[in-house]
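> From the sequence below, what's the structure:
(one chain, ligands or ions: 1)
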Amino acid sequence: MANIKFVKENREVIAADGANLRLKAIQNSIDLYTLKGKMMNCGGYGQCGTCIVEVVDGMENLSPRTEVENQKLKKKPGSYRLACQTLVNGPVSIVTKPSARKGQGKANAAPSGNQKENVGDDLGNLGSP
Ligand code: FES
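The predicted structure follows:
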C-alpha cells in the first residue's frame, strides 16, 4: 500500500502498490491538468506531456522514468514526472501543475485574490507549439 499526498490539494490518497499515478489522481478528483491539458491531453499514453507533476518527496518509491518521460521532460527538473507514466510503490508527495506555481512555498498559501493570474497563465500557453 502506498500513500499519495497531493500537496496543493491537501489530500492524501491510498493506493495499491503499482498503481498508476494519473489514474489514482483522476479517481480521486485531483485535477492534474492546466486548461491546455484539459482540452488536449492524450488520455494517458505519454504523448502530450500535460500530466506533469513534481515529486517533492518519495521519488525512490516510484517506478523509474520511462523513455517517453526522458524525452518529454529533458528540459525539466529531475523531480518532474509524467503522472500517466508513473507507478507508485510507496509513500510520495506530489505537487500537481508545477509550472503554474509561482515560486517555492506558495503551494499551501492562501489565495492572493488575484485569480486572473492563473487563468492568464493557462490561456497564454495555448498559442505555444
Ligand atoms: S496524459 Fe498525455 S502524457 Fe500523460
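> quick one, what contacts the residue sitting nearest the centre point of the chain?
Central residue check for the chain by CA atoms, centre = their mean: the C-alpha nearest the mean position is that of residue 53, 2.4 Å away. By CB atoms under 8 Å, 6 or more residues apart in numbering, residue 53 lies in contact with 21, 32, 80, 81, 82, 83, 86, 94, 95, 96, 97, 98. C-beta coordinates here come from the backbone N, C-alpha and C atoms, glycine included.
> how about the strands of the chain, start to end?
Under the criterion DSSP state E, strands of the chain are mapped to 2-6, 11-15, 19-20, 52-57, 80-82, 87-88, 92-96.
> mind checking which of these is nearest residue 44?
Closest of the strands of the chain to residue 44 is strand 19-20, at 7.6 Å (criterion: CB to CB).
> residues in contact with the closest one?
2, 44, 83, 84, 86, 87, 88.
> And for the fourth one, the neighbour number?
Put plainly, it is residue 84. 28 (other CB atoms under 10 Å).
> ok, now the second one?
Each residue near residue 44 was counted by other CB under 10 Å, and the total is 16.
> Next: residue 31.
The number of residues packed around residue 31, counting by other CB under 10 Å, is 14.
> isn't residue 31 right up against residue 96?
Yes - the criterion here is CB atoms under 8 Å, and residue 31 meets it with residue 96 at 6.7 Å.
> what do those two both touch?
Between them, residue 31 and residue 96 share the contacting residues 9, 25, judged by CB under 8 Å, 6+ apart.
> Show me the shaky parts of the chain.
Within the chain, the segments meeting pLDDT under 70 span 100-129.
> Show me which residues of it sit near the ligand.
41, 42, 44, 46, 47, 48, 49, 50, 51, 82, 84 (CB under 6 Å from any ligand atom).
> nearest residue to the fifth one other than its sequence neighbours?
Read that as residue 47. residue 68 (7.9 Å; CB to CB, 6 or more residues apart in numbering).
> Okay, helices next: where are they in the protein?
For the chain, the helices defined by DSSP state H occupy 21-27, 35-40, 67-72, 116-124.
> And the contacts of the third one?
It refers to helix 67-72. With CB under 8 Å, 6+ apart, helix 67-72 has contacts from 46, 47, 49, 81, 82, 85.
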